[in-house]
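**Q** Provided below for reference: sequence and predicted model.
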Number of protein chains: 2
Amino acid sequence: MAEREAGPRPGGRSARVQASVHRAVRALLARMDRAEVTIPLVAAEAGVTPSTIYRRWGELNELLADVAVERLRPDMVPVETGSGRGDLLAWAEQYAEEMSSGLGREMIRDVLAAEGAAGPRRCCCYARQQIAVIADRAATRGEAFPDLDAVLDGVIAPILFRILFDEALGGERVGVLVEGVFAGFGRRA
Amino acid sequence: MAEREAGPRPGGRSARVQASVHRAVRALLARMDRAEVTIPLVAAEAGVTPSTIYRRWGELNELLADVAVERLRPDMVPVETGSGRGDLLAWAEQYAEEMSSGLGREMIRDVLAAEGAAGPRRCCCYARQQIAVIADRAATRGEAFPDLDAVLDGVIAPILFRILFDEALGGERVGVLVEGVFAGFGRRA
């Protein structure tokens, strides 16, 4: 488990197995229903033995969660708009849109279906890192910016809560949430 | 499915079967790990045939979700403290505590594990109804009270988001969230 947390040494055998198994899962998910995916199918697609997968991931839920967390890892820096508020708004609108898509919902579901809190926490960290990039840029420009926890609770939390328990929020409502976090920040400052 | 949404006629055969199967699930969950619970075990405990359960719930995930949603149905009116703000604070602190307990986490997980959005939406409705009770009492006293969506996004969402993706919020932070919703409301009013 410790190895998985830190990530395998890049280019090593372990890293190659992981990349190949992840690729196999994504390929299978692209052409069949998730309920049909099994560890033997993944193994055949990845060219490894099923026991390699069982040894490393334990069960299918864990593997699917691992792939989903990996997919949720941000692959770009937040768009620059010229202000921290603008950056956060642009990022949050895109986040809300991606997470509420069919693929986004499936990823969230897979992440939450695994045992343990490691996967969900990594997702939370990814969002926090992206917001920290925006906050750092704002600081460089000499702008004030709300603290990360206020953004997590005030913007990310409602976006995910509504997707999971209600109806996804539209862009307009996301804008209201961003405004609210900045207003609350101004109030406390 | 329509029958399940509306709930069976109280006292009818269908209602008795549902009550008995739910009771059986709760009894099994109290004495064994959830991973060991199976539909045949539930059927034996409830004194019905497995096919009765398959016909009605389809699969175990759906049955567990149904039981969890039922458990999340509020069984008391929010405590009265003399003010809307106090009522909301007391309710939110209790909600955060219950949801972050072992049983609470298991219920949230079961609700989210089922196919479809009906279960999660019922949970959201339960929270909304409780807040509406608090808002109505505040209105009767002539107090202003924030709108329900602001409370959902500003208080319920962070409580559940942190439980699912991070660390459960303590009572102090819940208080800050309640204050924030009231302050934001005063700002807009």
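**A** Great, that's in hand.

**Q** When you work out contacts or count neighbours from here on, use the C-alpha atoms and nothing else.
**A** Fine.

**Q** Tally up the residues packed near residue A:125, please.
**A** 15 (other Cα atoms under 10 Å in any protein chain shown).

**Q** Residue B:26 versus residue A:25, what's the distance?
**A** Using Cα to Cα, to the nearest Å, residue A:25 is found at 35 Å from residue B:26.

**Q** more crowded one of these two?
**A** The neighbour comparison of residue A:25 against residue B:26 (other Cα under 10 Å) goes to residue A:25, with 24 against 16.

**Q** Test my guess that the more buried one contacts residue A:43.
**A** No - using Cα atoms under 8 Å, residue A:25 is not in contact with residue A:43; the gap is 9.2 Å.

**Q** quick one: common contacting residues for the two?
**A** Shared contacts of residue A:25 and residue A:43, defined by Cα atoms under 8 Å, 6 or more residues apart in numbering or on different chains, are absent.

**Q** what are the ranges of the helices in chain A?
**A** Along chain A, counting by DSSP state H, helices occupy A:2-6, A:13-31, A:39-46, A:50-57, A:60-72, A:84-100, A:102-113, A:118-140, A:148-151, A:157-165, A:171-188.

**Q** Tell me which of those sits most buried.
**A** Among those, helix A:157-165 has the highest mean neighbour count (mean count of other Cα atoms under 10 Å in any protein chain shown), at a mean of 24.

**Q** For residue A:81, give me its contacts.
**A** A:87, A:90.

**Q** Just checking the distance from stretch A:17-30 to the centre of its chain.
**A** 17 Å (Cα atoms, centre = their mean, to the nearest Å).

**Q** got the CA coordinates for it in CSV?
**A** What follows is stretch A:17-30, C-alpha atoms only, in CSV (Å, rounded to 0.1, in the frame of the first residue of the first chain):
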residue,chain,number,x,y,z
VAL,A,17,2.6,-2.9,-15.0
GLN,A,18,0.5,-0.1,-13.4
ALA,A,19,0.4,1.9,-16.6
SER,A,20,-0.5,-1.1,-18.7
VAL,A,21,-3.3,-2.2,-16.3
HIS,A,22,-4.7,1.3,-16.1
ARG,A,23,-4.7,1.5,-19.9
ALA,A,24,-6.5,-1.8,-20.1
VAL,A,25,-9.2,-0.6,-17.7
ARG,A,26,-9.7,2.6,-19.6
ALA,A,27,-9.9,0.7,-22.9
LEU,A,28,-12.5,-1.8,-21.5
LEU,A,29,-14.6,1.0,-19.9
ALA,A,30,-14.6,2.7,-23.3
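
**Q** Now do that stretch, average pLDDT.
**A** The average pLDDT for stretch A:17-30 rounds to 94.

**Q** show me what contacts the residue nearest in space to the middle of chain A?
**A** The centre of chain A sits closest to residue A:72, judged by Cα atoms, centre = their mean, with a distance of 3.1 Å. Counting by Cα under 8 Å, 6+ apart, residue A:72 touches A:107, A:123, A:126.

**Q** Tell me the pLDDT of the closest residue to residue A:98 other than its chain neighbours.
**A** Sequence neighbours aside, residue A:104 is the residue nearest to residue A:98 in space, at 5.7 Å (criterion: Cα to Cα, 6 or more residues apart in numbering or on different chains). pLDDT for residue A:104: 91.

**Q** and if you look at residue A:115?
**A** Residue A:115 is given a pLDDT of 80.

**Q** Please report how far it lies from residue A:92.
**A** From residue A:115 to residue A:92 the distance is 28 Å (Cα to Cα).

**Q** With residue A:136 instead?
**A** 17 Å.

**Q** contacting residues around the nearest residue to residue A:112 once chain neighbours are set aside?
**A** Leaving aside its chain neighbours, residue A:112 sits nearest to residue A:120 (6.4 Å; criterion: Cα to Cα, 6+ apart). Shown in contact with residue A:120 (Cα under 8 Å, 6+ apart): A:69, A:111-112, B:164-166.

**Q** mind running it again at 7 Å?
**A** By Cα atoms under 7 Å, 6 or more residues apart in numbering or on different chains, the contact list for residue A:120 reads A:111-112, B:164-166.

**Q** Out of the residues you listed, which comes closest to residue A:144?
**A** residue B:166 (25.6 Å; Cα to Cα).

**Q** residues contacting that closest one?
**A** Under the criterion of Cα under 7 Å, 6+ apart, the contact list for residue B:166 reads A:120-121, A:124.

**Q** let's go with 6 Å and repeat that
**A** Applying Cα atoms under 6 Å, 6 or more residues apart in numbering or on different chains, we find residue B:166 in contact with residue A:121.

**Q** Could you pull up phi and psi at it?
**A** For residue B:166, the backbone dihedrals are phi -150, psi -130 (criterion: degrees, to the nearest 10).

**Q** okay, it: pLDDT?
**A** Model confidence at residue B:166 (pLDDT) stands at 93.

**Q** and if you look at residue A:172?
**A** pLDDT at residue A:172 comes out at 94.

**Q** Same check on residue A:11?
**A** At residue A:11, pLDDT is 71.

**Q** swap in residue A:61?
**A** 89.

**Q** shouldn't it be in contact with residue A:114?
**A** Yes - at 5.4 Å, residue A:61 and residue A:114 qualify as touching, with contact defined as Cα atoms under 6 Å.
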